[in-house]
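Visitor: Using only what follows, build the 3D model:
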Amino acid sequence: MEATVYEEFGGPEVLRHETGVAVPVPGPGEVRVKVAAAGVNPVDWKRRRGWVEAFYPTTFPAVPGLEFAGTVDAVGAGVTHVAVGDEVLGWTETGAYAQYALAGIVVPKPEGLSWETAASLPVAGETAQRVLGLLGVGAGGTLFLHGAAGVVGSVATQLAVAAGIRVVGSASESNHAYLRELGAVPVAYGEGLADRVRAAAPEGVDAVFDAAGHGVLPVAIELLGGDAAPRERIVTIADTEAERYGIVFSGLLGDPDAVRAGLAAQAALAAEGRLTVRLAEVLPLKEASRAQESSESGHVRGKLVLIP
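Guide: Residues are numbered from 1 along each chain as shown. Below you'll find the model as predicted:
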């Protein structure tokens, strides 16, 4: 099969498009999916650089990619919840940048949901739901979401707003209209961020979700009371300095049953038009290196998707 492969850590140049990669065989509890679309995420290039080995240890040769949408092609022993021919989306265990991938967590793709949007949901949806659950902000509460216009941030914004949470979201000026459309109160990045958040939420914020990194954790602590700030009310998915501040870095999947339930619910919302993911660009699999380079630049507005 065709797949993107890398055999050492490094920049995007270590990625190779190969045509003779062995097709994986599903084991017990696994399904094999013919991939129709694969999502590109920052964690993909962080893994390629060797920066997240504590969470996602790499075995070479490696195929990048965590999320996909496609058609079930084969099932392993004990699989009864899906059958060959079913259209699904989910998480792969063998890499999504390929024609075929193995998965243990899949849910049905609703009719009318595009392959590209379906492949954009698993990572962003699960991450957003997991962090919101950890923070525990209830209806009527106020959340500061750093990086609210990114893919994870925008999904988290929509889920929070739907739950009755007031969201103050940081983003570049060019994305402020987009955040207003999602129901958030936008504030600009940069020096003076804490003051702008206070102006937008004079009653204070109840929790901080850092989806962008770039050294915002001291600002988060300041917003929640300085040295006395309850660290459990701050969660980052992007700043590896979290431990230094006593803050949770959340990077691993939650309970599989909860992941399936959440993804199925989000796919249904997306099919109904009640949850949106902004697509930036759809590229052929052979351009995976360019896709990761774009993602790593930090200037992509929306989701990058690869088509095998």
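Visitor: So the spatially most central residue of the chain, which state does it fall into?
Guide: Nearest to the geometric centre of the chain sits Ala124, at 2.9 Å (C-alpha atoms, centre = their mean). When classified by DSSP: H, G, I helix; E, B strand; the rest coil, Ala124 comes out as helix.
Visitor: same question, Ala288
Guide: Secondary structure state of Ala288, per three-state DSSP, is helix.
Visitor: show me what contacts it?
Guide: Listed by C-beta atoms under 8 Å, 6 or more residues apart in numbering, the contact partners of Ala288 are 4, 15, 17, 40, 64, 97, 306. C-beta here means a position set from N, CA and C on the backbone, and glycine is covered the same way.
Visitor: and the second one, how many neighbours?
Guide: Leu15 has 24 neighbouring residues, counting by other C-beta atoms under 10 Å.
Visitor: distance of it from Glu232?
Guide: Per C-beta to C-beta, to the nearest Å, Leu15 is found 38 Å from Glu232.
Visitor: hang on, the earlier thing: out of the contacts of Ala288, what pair is the most spread apart?
Guide: Taking C-beta to C-beta as the measure, those span a maximum distance of 14.6 Å, between His17 and Val40.
Visitor: The two - which one has more neighbours?
Guide: Counted by other C-beta under 10 Å, His17 and Val40 do not tie: Val40 has more neighbours, with 30 against 16.
Visitor: What sits closest to the more buried one if chain neighbours are left out?
Guide: Once flanking residues are discounted, Val40 sits nearest to Leu304: 4.0 Å by C-beta to C-beta, 6 or more residues apart in numbering.
Visitor: for the stretch 201-308 of the chain, what spans make up the strands?
Guide: When assigned using DSSP state E, counting those that start in this stretch, the strands of the stretch 201-308 of the chain occupy the ranges 207-210, 234-236, 248-249, 279-284, 303-307.
Visitor: Helices along the protein, start to end?
Guide: Using DSSP state H, the helices of the chain run over 42-48, 115-135, 151-162, 176-182, 193-200, 217-223, 256-271, 288-297.
Visitor: Just send those back as TSV, with distance to Val106 and mean pLDDT too.
Guide: Output for these, formatted as TSV (distance: least, C-beta to C-beta, whole Å; pLDDT from 0 to 100):
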stretch	distance to Val106	mean pLDDT
helix 42-48	19	94
helix 115-135	9	96
helix 151-162	19	97
helix 176-182	28	97
helix 193-200	39	97
helix 217-223	35	96
helix 256-271	8	94
helix 288-297	22	95
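Visitor: With distance to Arg32 added, can I get those in JSON lines?
Guide: Output for the helices of the chain, formatted as JSON lines (distance: least, C-beta to C-beta, whole Å):
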{"stretch": "helix 42-48", "distance to Arg32": "21"}
{"stretch": "helix 115-135", "distance to Arg32": "16"}
{"stretch": "helix 151-162", "distance to Arg32": "27"}
{"stretch": "helix 176-182", "distance to Arg32": "36"}
{"stretch": "helix 193-200", "distance to Arg32": "46"}
{"stretch": "helix 217-223", "distance to Arg32": "41"}
{"stretch": "helix 256-271", "distance to Arg32": "18"}
{"stretch": "helix 288-297", "distance to Arg32": "20"}
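Visitor: List the contacts of the nearest residue in space to Gln292 that is not next to it in sequence.
Guide: Sequence neighbours aside, Trp45 is the residue nearest to Gln292 in space, at 4.6 Å (criterion: C-beta to C-beta, 6+ apart). With contact set as C-beta under 8 Å, 6+ apart, Trp45 has these partners: 12, 292, 295-296.
Visitor: about what we covered before: next one: the residue nearest to the centre of the chain from Leu263, what distance?
Guide: In terms of C-beta to C-beta, Ala124 sits 10 Å off from Leu263.
Visitor: Equivalent analysis for Thr127, please.
Guide: Distance of Thr127 to Leu263, given as C-beta to C-beta: 11 Å.
Visitor: go on, Val72?
Guide: From Val72 to Leu263 the distance is 16 Å (C-beta to C-beta).
Visitor: cool, Gly226 as well?
Guide: Taken as C-beta to C-beta, the span from Gly226 to Leu263 is 38 Å.
Visitor: Please apply the same query to Gly251.
Guide: Distance from Gly251 to Leu263, by C-beta to C-beta: 18 Å.
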